[in-house]
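**Student:** What shape does this take:
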Amino acid sequence: MADLKVVDNLNVLADKITYPDTLKQEDWNSKIKYRGVDFKPPKQLTEARACYEGKIPRLQVMLAGEKDPEQIEFLKAKIARLKDKYACVVMEEAYREAKLVDRVLHNTIYYIDLTNGNDANDGLAANNDHSWKTIEKYTSVTARSAGDIAYVRANTTQTKTDADIVFDEDGTFASPISIIGCDSVTNDPWGDASDVRPIVDFNDTNYQFNANGDDCWIFTRIDVRRGADASSLFIISNCNNWGINDCIFRESANLYFTVGIYISKSSVDLDSVSFYSNKTYNMYCSDGSLIHCNNSSFNGGAATTDYGLYVTAFAIVYLYNCVVGSTTTHDVASAYVAYSQLYAKNCLFSDSVIAELTNLSSSFFSEDHNQTRDAQYAATYAGVVTKDATIELDSLPSIKLTPNSNCANGLYLRPRLHDPFDFVVMNCPASETTITIKARETAAWSADPTADEFYFEASYLDHAVNATRSTVKSAQTLSGTNEISFTMTFTPAQVGNVYVCCYLKKYESGKSVNVSIKPSVS
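**Tutor:** Numbering: from 1, shown residues only. I've put the predicted structure just below:
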């Protein structure tokens, strides 16, 4: 039978992939084997084909809008690889349908021995005759499909000094593509009984792990170190649903600017990750990224890292049960926040400066601050809000508002502890209502804030059916350390939530105001 041609099968792409008519079956078999397609079950071939048909046009759109010459070349190379893999999948399906090949099919588990493996192997067993030697053999050379797993042998090392380690395919939310460093208990196919994470060492060269436009990957138990790329040891950009678990990112030390992980336009979950000795930032989060980080540690290390986290450009970061600067402190601050939000729960911050905030759009909230139950801390561009057990109002610890100099020219400080919008939310009836909240100066100010410099404001429903609102503010003024009851009286037009916020628009060095957390309603 004449050799099959791939051209007509590839018209689903924005531009056709063509190969010479003279490419023979033995040539295709060689390409198919190189891409690791020959032993994939039919379901995985179908999934891989669907991935390429959706992803190649998507990357072409990214390429058309890209301005960075380095990223342009990166995307061109990636698209070319994916087209080649796609062609191999299509040809493999055609050869099988025509019964031109007889394959021995395998499951989706692969094995990498960074010390003793060989990339000429098939990667299908944990021994020297089968295991691969490099991670890129799995991430970019061979074709991946959803649910693939690669086990990397414990206590082995790959020194990578010639290129980035890049990712190509997408997994799915239900079946991500995984890379798992082996341990002595759960995953030990070699029987090494070792808990030493496999190491990827960039040996102070300008290379890194690089994921761009690759969704649904899990990266587990890898020690990544000594990169000198100007961005990071690991860059995740334009990616959805990534998981980074039980990894170490350390010793990223470019002369000017280096990061442990750089995350841009992506959603990433991190769990039990350790960062240290990354010269500029341990983790950089930007461009609308959504990041959850649990049980992880950020330390300055020997490189005395400037910041634990750098959160900018409308990123949102959630920290749970993390420690920042507890072993070795950071040079500047635990976190830098610009036009973004950083939320922490049950986290310990040991740096002398917890958060630097650059504008009114920046905010930092810490619930159970420094791992103390019911301790609260919030930082904004205009000052800091904390729980104060030393001054009680209504027999409960109060909220202390401490403005900084950014509060001086009409800027405001709101007592937000872990809610990004309002101080108090309560349901009120459609009848006259008075809300009373106590406040006092922590220590007497030289000039008490006026009723326009410190006040409460309530927002209530003013229409019987619609969701329109009016506001009413308190008229009382502070008087030194005396407890003052601030009141707002209004009549909602319908039953619904009333939102109350407190504003402090005055700054005096070293002075603060305490507010009750127990408003009364009558």
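**Student:** could you show me where the helices are in this protein, in order?
**Tutor:** Using DSSP state H, the helices found in the chain span residues 25-34, 42-65, 69-97, 136.
**Student:** Okay, now the unreliable bits of the stretch 151-300 of the chain?
**Tutor:** Across the stretch 151-300 of the chain, the ranges flagged by pLDDT under 70 are 255-256.
**Student:** The same query, at a cut-off of 90, please.
**Tutor:** 228-231, 253-258 (pLDDT under 90).
**Student:** closest one to Gly171 among the helices of the chain?
**Tutor:** The minimum distance between Gly171 and the helices of the chain falls on helix 42-65, with 8.8 Å, by C-beta to C-beta. Yep, even glycine has a C-beta here, placed from its N, CA and C like the rest.
**Student:** Let me know which of the helices of the chain is the nearest to Lys506.
**Tutor:** helix 42-65 (46.9 Å).
**Student:** quick revisit: closest to Thr436 out of the helices of the chain?
**Tutor:** helix 42-65 (55.5 Å).
**Student:** Okay, buried residues for that closest one please.
**Tutor:** Of the residues in helix 42-65, 44-45, 47-49, 51-52, 55-56, 59, 62 count as buried by neighbour count, 16 or more other C-beta atoms under 10 Å.
**Student:** Among these, find me the one that's closest to Gly191.
**Tutor:** Taking the buried residues of helix 42-65 together and measuring to Gly191 by C-beta to C-beta, the closest member is Gln44, at 28.0 Å.
**Student:** Quick check, that closest one in contact with Thr108.
**Tutor:** Yes. Between Gln44 and Thr108 a contact is recorded at 6.4 Å, counting by C-beta atoms under 8 Å.
**Student:** what touches both of those two?
**Tutor:** 145, 147 (C-beta atoms under 8 Å, 6 or more residues apart in numbering).
**Student:** domain assignment for the chain?
**Tutor:** Listed by automatic domain parsing, the domain ranges of the chain are 7-97, 107-204, 228-381, 422-521.
**Student:** As TSV, those with distance to Arg221 would be great.
**Tutor:** Shown next, in TSV, are the domains of the chain (distance: least, C-beta to C-beta, whole Å):
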stretch	distance to Arg221
domain 7-97	23
domain 107-204	3
domain 228-381	5
domain 422-521	43
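**Student:** which of the ones you listed sits most buried?
**Tutor:** The highest mean neighbour count among those, using mean count of other C-beta atoms under 10 Å, belongs to domain 228-381: a mean of 21.
**Student:** Pull up the distance across that one, start to finish.
**Tutor:** Length of domain 228-381, first residue to last, C-alpha to C-alpha, to the nearest Å: 33 Å.
**Student:** same question, stretch 445-463
**Tutor:** End-to-end distance of stretch 445-463 (C-alpha to C-alpha): 41 Å.
**Student:** now do stretch 463-471
**Tutor:** 13 Å.
**Student:** Which residue comes closest to the residue nearest to the spatial centre of the chain once chain neighbours are left out?
**Tutor:** Nearest to the mean C-alpha position of the chain, by C-alpha atoms, centre = their mean, lies Ile291 at 2.8 Å. Using C-beta to C-beta, 6 or more residues apart in numbering and skipping residues adjacent in sequence, the residue nearest Ile291 is Val317, 4.6 Å away.
**Student:** what residues are up against the one you found?
**Tutor:** Residues counted as contacts of Val317 (C-beta under 8 Å, 6+ apart) are 285, 289, 291, 293, 309, 311, 340-343.
**Student:** Recalculate using a threshold of 10 Å.
**Tutor:** Under the criterion of C-beta atoms under 10 Å, 6 or more residues apart in numbering, the neighbours of Val317 are 263, 268, 270, 283, 285, 289-293, 309-311, 335, 337, 340-344, 364.
**Student:** do you know how far the closest residue in space to Val332 that isn't next to it in sequence is from Asp183?
**Tutor:** In this structure, Val332 finds its nearest non-sequential neighbour in Asp306, 4.7 Å apart by C-beta to C-beta, 6+ apart. Asp306 sits 33 Å away from Asp183, going by C-beta to C-beta, to the nearest Å.
**Student:** now Ile248: how far from Phe234?
**Tutor:** If you go by C-beta to C-beta, the gap between Ile248 and Phe234 works out to 11 Å.
**Student:** so Lys279 touches Ser252, yeah?
**Tutor:** Yes. At 6.4 Å, Lys279 and Ser252 qualify as touching, with contact defined as C-beta atoms under 10 Å.
**Student:** Could you tell me which residues touch both of the two?
**Tutor:** Listed as contacting both Lys279 and Ser252 by C-beta under 10 Å, 6+ apart are 228, 258-260, 303, 305.
**Student:** can I get the residues you listed in a markdown table with distance to Ile149?
**Tutor:** Putting the shared contacts of Lys279 and Ser252 into a markdown table (distance: C-beta to C-beta, whole Å) gives the following:
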| residue | distance to Ile149 |
| --- | --- |
| Ala228 | 31 |
| Thr258 | 31 |
| Val259 | 28 |
| Gly260 | 25 |
| Ala303 | 34 |
| Thr305 | 33 |
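**Student:** between those residues, which is closest to Asp462?
**Tutor:** Nearest to Asp462 among the shared contacts of Lys279 and Ser252, counting by C-beta to C-beta, is Val259 at 49.4 Å.
**Student:** among the helices and strands of the chain, which has the poorest mean pLDDT?
**Tutor:** strand 424-428 (a mean of 79; mean pLDDT, DSSP states H and E).
**Student:** Reformat the buried residues of helix 42-65 as a markdown table; add pLDDT and distance to Val472.
**Tutor:** Below are the buried residues of helix 42-65 laid out as a markdown table (pLDDT from 0 to 100; distance: C-beta to C-beta, whole Å):
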| residue | pLDDT | distance to Val472 |
| --- | --- | --- |
| Gln44 | 95 | 64 |
| Leu45 | 96 | 66 |
| Glu47 | 94 | 59 |
| Ala48 | 95 | 62 |
| Arg49 | 94 | 63 |
| Cys51 | 96 | 57 |
| Tyr52 | 96 | 60 |
| Lys55 | 96 | 55 |
| Ile56 | 95 | 58 |
| Leu59 | 96 | 54 |
| Met62 | 95 | 50 |
